[in-house]
Every structure is written in structure tokens, then in C-alpha cells.
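Asker: Sequence and predicted structure are below.
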Amino acid sequence: MKFSRYFIVLALLLPAALASAQDPDKRYMPAFTETFDDARPQYFSGGSAPRIFSGVPSLTEEESHVMLLRIQPADPAGAGRGPEIATSKTTHFGTYSARIRVPDVKQVQPNVGAVVGYFTYRFTQGFGLSEIDFEWLIADPTLIYIGTWTSDPANVNNLQRVGRTINLAKGQILYTNYRSYHDGHRNHNFDSADDAALTPRSIAAIPDYDASKRFYVYGFDWYPDRLTWWIQHPETEEKVILWDYTGSTPNFSGIPQPPTTYLLNFWHTNDWSVDTNPRSTEAPKYPYILEVDWMKYEPYDALNIQWREQNNY
Amino acid sequence: MVRKIIGLLAAALVLVCCTQPALPVPDEGKEEPGPGPGPGPEPPPQPQEKTVQLTTAFQEDFSAQTSDWLDFIRHSGRPDFRCFPGFPSLSEKGNAILLLRLDPADPAGEGAGVQSRDFVHFGTYAVRMRCPDITAVQSRLTAVAELVLTDDDPVFGLDEIVLGVRLAEPRKVYTGVSRREAGETGDPAYTGDTAEPDLSGFNAGAKFYVYGFDWSAEKIVWWVKATPSAARTILAETTENVPQQPLRMGFRYHSTSGHPALYPYELEIDWMSYQPT
């Protein structure tokens, strides 16, 4: 009886304690909202004209000042080889969100192979890879790719992907799967009974969803044992959960553990076509423009301090 | 900034009107003295020159959101994302420009642009601009970027002097004059030419160039320069159909009938200038 009372009190106090703890470690980004109102971003760096422009009027929305990322036709293929911005310090467990509009190229170059990545990424020696992704292949901006890349704790150079692909305009989950180094990175669907890996099992369509037609707010909540990707409904402003992942694979969980870095980029892929168009691997033929209105980070300081203590980080 | 202040002061001081007054307006409601029998009254004399306000010399560098000499063409009825003065150059670091964008939803002939608030007359006109390089992505695009002097006057008719680039032909520049008599309808009569500038490696979509022309009572000479301080490369010259009346200076950027823009290609204007003679 006494135990359960203490447990209840603890349960009530814990969230407040987590919220109030301030992370004093200067290696980490504090909570911030980058509004890109100035020519030099406050919290991000990485590149300049002709690829990156901050503090400029939105080209598609009145009264907004944004950052533009311009992919260049001469950019070589490969992740991170186009315009990219990143925080100078690391980030960790927390809520990440951003308001983004990808370029509309469906008419002008339907077979373009170009990726917009809103993500975290850091490979730490001894701890491995910590990557959480929102991605759009702009050849079909009704699809959203979400997932993670993590390392095998036994050998951090061995990687695993867990991912989900959604057609949000149709409310259709194309697949939820994983692949790892164990068997040559072959795709495997999660077991159909695995609720932890497959929640939610259905997603209501956002009618006319098209990441290139307007700005949308995207985000994810990253805990040590749970990762939830979401989008803010453009009309109701409610969170629409895209994937609430608490699962594991036969190999390892798929939820990143070590600290990371917060990024946004735009790059050419010549070997990853969008699911709805296998020909979409062309190099961009024009410097298409991606717009980002703001990017936000709300760290879970207590969890982050706790993780570092437990992992001697 | 200093350039703009001087220009503003000059504009305030020199509001020049041409020599002939406006047409006399009959005094409505008052009966004209009856001429009696015989032929009717002589028609009023036609004016020889437009009665307009002329602007002074200027160079608009588009470093601010507004201009002392030029109006940005806005289209009512829907949000306008065609015209962005004071925008950082997409290709020249640290330079503020006028960014113009095509709107794929625009019908042919409707697009982005600027027009002088007041009239201009004989003088030298120039624009430093960089066209978008669209040849790889939409090689059949029918869109133009034009430095233009124009006015459609009910008495004097329509006159136009143009220097332009078709985005699909960035190694060429076209030049011409148009004329339509007052009261006539339909397309104006156009005489012009297209030239490949004798300028090494000329490509309007690859870098900024200075484009311009000299307009006098006797002739028009069109030219292009690789840089503001470079020598002129003459594109064309004409002594026929040279407009004589004041016109308005403008810049037009729009699709034409055929293959309209499929993407809002960005055009950069560093500055526009007018030096009267």
C-alpha cells in the first residue's frame, strides 16, 4: 500500500522533474526555435549563396521569411552533396519540428531524382549511428518516407534501417519494414502481429496532401524507447501520428540512442527512385528551391542527462 | 543611397512638361456661340507632342523594397509571388537585386515586370540582368525577358522599342520597334531583328550582362556589354520608324503563347538606368 502511494507520487512528479531539469552541458543545443528571420541563422550553419539564403521573403507565402535551399544541377549525386544546414552542437532525445515546403517539379521534371531530408544524423565513435529521418522524393511529394538508421551495439559499423512509407494524400501505408547488414540489407516486413512496430495500422488521409503545394509542420518525438513521427493537420492543427514505433527487430531495436545533430538538406539521388516512379533518378536540370519557415528543438533534458550518466558519455 | 537621394531631388525639381497644352475641353452645358449658316467650326488643332511628366536620369539598384522611379507590376485578385525587390542575388553573393519569377498559372503575356512612374524620352537605357538557364529543363519554353519603352496613347497611337531575350535562345538578343496608329486595333506593326552578339561565349542564362540602347530622334542603337565598364557590342541599329513621342520605360518577363513555363524560373535584375540626352 505504502509502496503504491509512493509510486503514484513519483509518477506525478517525474514528468515535472524531467521538464524542469536544465541541461548544463555546453556540448548540447538548448531548446530553440530557428525562425530564419535573419541573413545569418541563429542556430544553424552550412553553406551560402548560391545554395543557401536565410532571412528572405517566402517565394510562395505572404508575410513569411524563410530559408531557401537551392539544389544545383552540377551537384554530384549522394546524400549531403547538395545544400545542407546543421546545428553546430549536438542534440538528443526531444521533440523536433519544422515547417517545410518542397519544390513543385512534377510538371517540369517528373523523373527528377532529388531528396529533401529533414533529419538527425551523427556517427559517434564507440556508440555508432544516430539517425532519424523525414524524407521526400520530390518526384512524388504525396509520399513521406520516415525511419531511422542505427548501429549494432556489438559492432557500430554494422547498420540497420527501420522505416515506413506513406501516401498521405490517400491515407495509405505502403510498407513498414526493416533491413540490416545481417542478411545483406534485404527488406523484411515486420510481423503482422507486432503492434509495437506497426502502430498506427492505418492513417487517415489528408485530402490533397502534397508537400510541394503548401507548407506543412512535421515533427517527431524521440524517447529512448519510443519514436513518434507526426504531421500537423493543416486544417485542425492536430497531430496526425504517422508512426508510433516502440518495436524491435531480430537484430536490435532501431531506436537511436546516442546524441546526434539536427539537419535539413536537399540532394540528388541517382539510385533511389520514388515508389510510384521507378524512372525518377534524373539529375536536377534546374536549381529548384526548397523553403523552410522554421525549425524547432525541445530537448528532454532529464532523459539526456540520465543517458549520458548511464553511458559515461 | 546617395544616388537615389540625388535622383529623388532631381525628380522633384524637374517635372518637365512638354510644349503643347492639352486639348481644349469644351465647356459643358454652355452653348457655343452660334456660327450661323455656313460650314461648321474648324476642328481643334491636333497636339504635336504628348503632355506628360518626364522623369529625370536614374539608376535603380533595387537595394530596397520600393523604387523612386519604377512601379512593380502587381496582379490583383490573387497572391502575387512574381516580384521581389531587394532580394539577395541568387548568383552574386552580397548583391541585392530585383527577383522576378514566372507564375506557371499565368496566361500568355501576363507576368512579372516594372514600369516607370513617369515618362521618358530620348536617351540611353540599360538593364543589368541574368536570365534563368532553362535550356536543359524546358528547351521549348516560350518566355521572354524584355527591356521596353512603350506607350499606347489615344492620340498618338502605340509606340514601342524593345530589347529582349527568349529564354530558350539565350545566345541571341532580339531588338525592334512597334507602331500602331491611334484608333487602329490588332497587333502593332513590328520591325526587328535577332542577333547573336559578337561577344565571346555570350549566354544570357549563364551570367549577368548589361543590355541597352540609345534612342535619339534620328535612330536607335541597341547594344550589350559583358560588364558595366566593358565596351559596347552593337546588336542592331535603325533609322526607320523611330518613335518621337515620350514613352514609359519598363521591363516585362512572361510566357508567350506556345509552351508556357512549367516552373517559376527566377530572373535577376541588378539595376535599370535611364540617362536622358
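Answerer: Perfect, I can see it now. Treat the numbers as computed from the prediction; the structure is a model and nothing was measured.
Asker: Would you list the phi and psi of A:D183?
Answerer: Main-chain torsions, A:D183, degrees, to the nearest 10: phi -130, psi 40.
Asker: Can you give me the distance of it to A:P250?
Answerer: Going from A:D183 to A:P250 by CB to CB, to the nearest Å gives 10 Å. To be clear about C-beta, it is placed using only N, CA and C from the backbone, and glycine gets the same treatment.
Asker: for B:D159, same thing?
Answerer: 80 Å.
Asker: out of those two, which sits in the more crowded spot?
Answerer: Neighbours of B:D159 and A:P250, each counted by other CB atoms under 10 Å in any protein chain shown, are more numerous for B:D159; the result is 22 against 11.
Asker: Which parts of the stretch 201-313 of chain A are helices?
Answerer: Under the criterion DSSP state H, counting those that start in this stretch, the stretch 201-313 of chain A contains helices at A:301-311.
Asker: So which residues on it come close to chain B?
Answerer: With CB under 8 Å from any CB of the partner chain as the criterion, the stretch 201-313 of chain A meets chain B at residues A:K285, A:Y286, A:P287, A:Y288.
Asker: got the residues of chain B near chain A?
Answerer: Selection of chain B residues close to chain A by CB under 8 Å from any CB yields B:79, B:81, B:84, B:87-93, B:101, B:104, B:132-134, B:136-138, B:262-265.
Asker: could you point out which element follows the helix or strand bottoming out on mean pLDDT in chain A?
Answerer: Within chain A, no helix or strand scores below helix A:2-20, which has a mean of 48 by mean pLDDT, DSSP states H and E. Sequence-wise, the next helix or strand downstream of helix A:2-20 (DSSP states H and E) is strand A:32-34.
Asker: who's in contact with the next helix or strand after that following strand?
Answerer: Elements were assigned by DSSP H and E; along the chain past strand A:32-34, the next helix or strand is strand A:44-45. Under the criterion CB atoms under 8 Å, 6 or more residues apart in numbering or on different chains, residues A:E34, A:I85, A:A86, A:T87, A:S88, A:Y262, A:L264, A:M295 lie in contact with strand A:44-45.
Asker: who touches the fourth one in this structure?
Answerer: The contact partners of A:T87, by CB under 8 Å, 6+ apart, come to A:M29, A:Y43, A:F44, A:T261, A:Y262, A:L263, A:Y297.
Asker: what's the closest residue to B:H75 other than its chain neighbours sitting at in phi/psi?
Answerer: Distances taken as CB to CB, 6 or more residues apart in numbering or on different chains place B:E110 nearest to B:H75, at 6.9 Å, with adjacent residues excluded. Dihedral pair for B:E110: phi -110, psi 130, per degrees, to the nearest 10.
Asker: Now do B:E110 against B:D68, distance only.
Answerer: 26 Å.
Asker: What of A:Y218?
Answerer: A:Y218 is 43 Å from B:D68, by CB to CB.
Asker: In terms of neighbours, single out the busier of the two.
Answerer: Using other CB under 10 Å, the more surrounded residue of A:Y218 and B:D68 is A:Y218, with 21 against 15.
Asker: List the residues that contact the more buried one.
Answerer: Here A:Y218 is in contact with A:S97, A:A98, A:R99, A:I100, A:Y118, A:F134, A:W229, A:W230, A:I231, A:Q232 (CB under 8 Å, 6+ apart).
Asker: Pick the one among the residues you listed closest to A:A154.
Answerer: A:W229 (27.3 Å; CB to CB).
Asker: Not counting its neighbours along the chain, what's nearest residue 52?
Answerer: Let's take chain A. Spatially, and ignoring its direct neighbours in sequence, A:I52 is nearest to A:P83 (5.2 Å; CB to CB, 6+ apart).
Asker: that's the other chain; I wanted chain B
Answerer: B:F119 (4.2 Å).
Asker: Backbone dihedrals for that neighbour, please?
Answerer: Per-residue torsions, B:F119: phi -90, psi 160 (degrees, to the nearest 10).
Asker: now it: how far from B:T150?
Answerer: Distance of B:F119 to B:T150, computed by CB to CB: 11 Å.
Asker: overlap in contacts of these two?
Answerer: B:L247, B:R248.
Asker: quick one: the strands in the stretch 101-250 of chain B?
Answerer: B:111-120, B:123-130, B:143-153, B:157-166, B:173-180, B:189-195, B:209-215, B:220-225, B:233-238, B:247-255 (DSSP state E, counting those that start in this stretch).
Asker: Figure out how far the first one is from the centre of its chain.
Answerer: Computed by CA atoms, centre = their mean, to the nearest Å, the chain-centroid distance of strand B:111-120 equals 6 Å.
Asker: what comes up buried for it?
Answerer: The neighbour-count check on strand B:111-120 (16 or more other CB atoms under 10 Å in any protein chain shown) flags B:G111, B:A112, B:G113, B:V114, B:Q115, B:S116, B:D118, B:F119, B:V120 as buried.
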